[in-house]
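>>> The following block contains a protein sequence and its predicted model.
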Amino acid sequence: MSQTITLHEINREAFDVLYKELGLAKTLRFLNQFSSGKGDYTQLKAELFIAKTVEDIVKEMRKK
């Protein structure tokens, strides 16, 4: 008979395997790619670039 395990237990086991095989830095980099983020990027982008042309944006990038 199989034992039901919780999602928390599965995650814990997966983290342990990743850490053992990849090390801390690579494990953290791997996990960070699954971050869901927050907010509405489409709305933010519209607000940030509302009065700018592509040329304006490129000029700003080149300054940095």
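Yes, it's here. Numbers count the residues shown, from 1 in each chain.

>>> and the biggest helix by length in the chain, what other elements does it pack with?
Across the chain, the longest stretch assigned as helix under DSSP state H is helix 7-22. Judged by 3 or more CB pairs under 8 Å, 6 or more residues apart in numbering; DSSP states H and E, helix 7-22 is in contact with helix 24-32. (Each C-beta comes from the backbone N, C-alpha and C, glycine too.)

>>> buried sites along the helix it packs on?
For helix 24-32, a neighbour-count test (16 or more other CB atoms under 10 Å) marks residue 27 as buried.

>>> and it with helix 7-22, angle?
140 degrees (axes from the mean of the first three to the mean of the last three CA atoms, to 10 degrees).

>>> who touches helix 24-32?
15, 18, 19, 22 (CB atoms under 8 Å, 6 or more residues apart in numbering).

>>> could you dump the longest helix of the chain to CSV, C-alpha only?
C-alpha atoms of helix 7-22 as CSV (Å, rounded to 0.1, in the frame of the first residue of the first chain):
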residue,chain,number,x,y,z
LEU,A,7,3.3,18.6,-1.3
HIS,A,8,5.6,20.1,1.4
GLU,A,9,7.4,16.8,1.8
ILE,A,10,7.8,16.4,-2.0
ASN,A,11,9.3,19.9,-2.2
ARG,A,12,11.6,19.3,0.7
GLU,A,13,12.9,16.1,-0.9
ALA,A,14,13.3,17.9,-4.3
PHE,A,15,15.3,20.8,-2.6
ASP,A,16,17.5,18.3,-0.9
VAL,A,17,18.3,16.5,-4.1
LEU,A,18,19.0,19.7,-6.0
TYR,A,19,21.2,21.0,-3.3
LYS,A,20,23.1,17.7,-3.1
GLU,A,21,23.6,17.5,-6.8
LEU,A,22,24.0,21.1,-7.8
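
>>> I'd like the mean pLDDT over that helix, please.
Helix 7-22 carries an average pLDDT of 95.

>>> Then stretch 26-41?
Here the average pLDDT along stretch 26-41 is 86.
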